[in-house]
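A.B. asks: what follows is a predicted protein model with its sequence.
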Amino acid sequence: MATFHQNVEATIPALRRYARALTRDTDIADDLVQDTLVRALRSEHLFHGGDVRSWLYTILTNLNRNRLRSLARRPTLSPIEDNDAPDLAGPEAGGRDIERALATLVDDQRNALLLVVLEGLSYREVAEVQGVPIGTVMSRLARARVQIKNYLDGARPALRRVK
Amino acid sequence: MIDRNSPITEDELHAYVDGELPPDRMNAVAAWLADHPEQAALVTSWRLQADSIRAHFGAAVDEPVPQRLKLDQMLNQDRAAGRSWAAMAAAAAIAAFVVGGAAGWMARGASAAAPSRSDVFASEALDAHKLYVVEVRHPVEVPGSERAHMTQWLSKRLGEDLRVPDLQSIGLKLVGGRLLPGPTGAAAFYMYESPSGERFTMYCARADMPETALRYTGGEKVAAFYWIDDKVAYVVSGPADRELLEKVTKAAYEQVDKTGAKKL
């Protein structure tokens, strides 16, 4: 069982990265990782071999979905995007654009894109995490990329307030 | 977007960007892109997207892991909090010993003085259990043969993704289920039956309160195990045979532990 714990431990930094990209908030992200680890340790007896890393991504992805659902039930807490804030100059500006572009994606598309691009999972592994065929993963990726491109190319300036 | 007669599909372009193509196909795509500037630009834009995602979020991986996410620490806490099945069962055993050992009125007094809201679910569930297990013709609203429909219907009414445990492995057949009024709105109620006709029920209701350990409450004829996990209160009720009920509860518990059970 030592290897199980070692594998879990080794994945924690990557889980934090994925959670950070999903939540865009350091504290919420770490809460999510903590919940994921608690689940994983508690369900250790249910883990019958296979890839620990994919399993942890699966748990985290599901917990985040639950989190988003419960947020959706509390409309007063939905954050207001600060569209009026002036864009910063320098490298941060690009970062904010990609953040906002990601925020416009459907949950499953964002998850698929982040798992592939940020976490380096194979299509097969993402299919396992999302519980869908590989073809579905690929179409989610394709849609995510189109959406982000559209957002970065055109939609974003159009959203800017005309002064 | 991609020419119909072209030997390269758009899927392959994505796979190319993500390094999912076999080496010979990688070369073929690279050569093809050299002659197709429009698609090459698209591929470049996808790469740039990936680069900015990595640039923006990648650094988190190098940050030191905070203390609360250290596995050693969590393992200790987990043991202390008693979250494993064994620990939960042990906690229930202690609770049962206390309740069983103390005089009845004392136990009642204690729970009245510090009413735990999770007890509310247990008493609702036990009432429903007693009411419906004696029904011969109409024990449930939806028969067990329509499990998928029932799961969907009850999940929708509760606003939670419910799982209806499959207890065939311990010889219990799903009779079916019904919707009940509960302390927090709708409650889901499933009934199971053993070959000898013993009936067990499981009750689920939304509970906006923290997770609890497994608890046991027993009367002369019926008893229940109950717990709260991930905003859902669960109560498994059955005949007051603690060992048997514990077996049923364990089987059900492992299946409703939503996120962990997915890998089963």
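C.D. replies: In hand now; what should we look at?

A.B. asks: tell me the secondary structure for residue B:204?
C.D. replies: Classification of residue B:204 by DSSP: H, G, I helix; E, B strand; the rest coil places it in strand.

A.B. asks: so how far is chain A from the closest residue to it other than its chain neighbours?
C.D. replies: Excluding the flanking residues, the one nearest residue B:204 by C-beta to C-beta, 6 or more residues apart in numbering or on different chains is residue B:188, at 4.6 Å. The C-beta positions use only the backbone N, C-alpha and C, and glycine is treated the same way. Shown here: residue B:188 relative to chain A, a distance of 17 Å by C-beta to the nearest C-beta, to the nearest Å.

A.B. asks: and the one helix or strand residue A:60 maps to, which residues are buried?
C.D. replies: Counting by DSSP states H and E, the element that carries residue A:60 is helix A:52-72. Neighbour counts using 16 or more other C-beta atoms under 10 Å in any protein chain shown place A:52-67 of helix A:52-72 among the buried residues.

A.B. asks: filter those by proximity to chain B?
C.D. replies: A:55, A:58, A:59, A:62, A:63, A:66 (C-beta under 8 Å from any C-beta of the partner chain).

A.B. asks: out of those, which is nearest to residue A:35?
C.D. replies: For those, the residue nearest residue A:35 by C-beta to C-beta is residue A:63; the value is 5.3 Å.

A.B. asks: how far away is that closest one from residue A:23?
C.D. replies: Separation of residue A:63 from residue A:23 (C-beta to C-beta, to the nearest Å) stands at 11 Å.

A.B. asks: do residue B:255 as well
C.D. replies: In terms of C-beta to C-beta, residue B:255 sits 29 Å off from residue A:23.

A.B. asks: residue B:13 now?
C.D. replies: 30 Å.

A.B. asks: those two: which has the busier surroundings?
C.D. replies: The neighbour comparison of residue B:13 against residue A:23 (other C-beta atoms under 10 Å in any protein chain shown) goes to residue B:13, with 24 against 18.

A.B. asks: the more buried one - nearest residue in space that isn't next to it in sequence?
C.D. replies: Nearest non-adjacent residue to residue B:13, counting by C-beta to C-beta, 6+ apart: residue B:43, 5.8 Å away.

A.B. asks: can you report how many residues lie near residue B:58?
C.D. replies: For residue B:58, using other C-beta under 10 Å, the count is 14.

A.B. asks: before we move on, what about residue A:50?
C.D. replies: Neighbours around residue A:50, by other C-beta under 10 Å: 10.
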